[in-house]
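Colleague: here is my input, please return the structure:
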Amino acid sequence: MRGEARRELILDAAIDVLGEEGLAALTHRRVAAQAGLPLAATTYWFASKEELLLHAYRRAADRDMDRVRRVAADAGDKDVADALTDVLGAELADGRTAIVACFTMWVEAARRPELREIGAEWTAAYERVIEDLLRAAGSPEPALDARVLTATLDGLMLGILAEGAADPSAVREQLRPQLRRLVSALTAG
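Modeller: Here you go, the predicted model:
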């Protein structure tokens, strides 16, 4: 394995470490072990823990933004609640560890200004997708409603993680009526 593939393996390992063990466990040594690579591989690509964290956050954000855009593009004639349920279900299907890592990095952005731009970009991407869905559904204030729904989705996902829920199908069925109610209220004006 060479070049960019090795770098991506290291970043994926960093995301796994963050999601499984938390920020304190994020060291070059621990990430190298998780990736099955020598320590020199991580230090070659990332000079510091801070740099590793920054690039892991960027990778996680880019992957998730791509997934959200794909789910929205595939929404077709689905109502907004069903499309958003699919977004959360797709995130859970990719694994709980990655989601926990994402929230870990998002919270860390409160302490590290260098991470804030990624978090803001990630949130804005979600809001744009949701705004488009809401506009098509007839929302009188799609931008405001998108902010409300984005914050709600974050809260719902944190609750799911805290409860230990793991089955994406069960979570979808749990969330669908909640999201239908909220979307109905928002689009009614």
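Colleague: next helix or strand past the helix or strand of the chain with the lowest mean pLDDT?
Modeller: Across the helices and strands of the chain, mean confidence by mean pLDDT, DSSP states H and E is lowest for helix 80-93: a mean of 83. Remark: after helix 80-93, the chain's next helix or strand is helix 96-108, criterion DSSP states H and E.
Colleague: buried set for the least confident helix or strand of the chain?
Modeller: Buried residues in helix 80-93, defined by neighbour count with 16 or more other C-beta atoms under 10 Å: 80-92. In this view, the C-beta of every residue, glycine as well, is placed from N, C-alpha and C.
Colleague: quick one: which of those residues is nearest Glu131?
Modeller: Val80 (10.6 Å; C-beta to C-beta).
Colleague: list the residues that contact the closest one.
Modeller: Ile130, Leu133, Leu134, Ala137, Leu179, Val183, Thr187 (C-beta atoms under 8 Å, 6 or more residues apart in numbering).
Colleague: among these, who's most crowded?
Modeller: In terms of neighbours by other C-beta atoms under 10 Å, those top out with Ile130 at 27 neighbours.
Colleague: what's the helix or strand for the nearest residue to it once chain neighbours are set aside?
Modeller: Of all residues not flanking Ile130 in the chain, Ala146 sits nearest, at 4.1 Å (C-beta to C-beta, 6 or more residues apart in numbering). Assigned by DSSP H and E, Ala146 belongs to helix 142-163.
Colleague: ok, Pro140 next?
Modeller: Pro140 is part of no helix or strand when elements are defined by DSSP H and E.
Colleague: in this structure it contacts Gly189, no?
Modeller: Yes - look at Pro140 against Gly189 with C-beta atoms under 8 Å: they come within range, at 4.4 Å.
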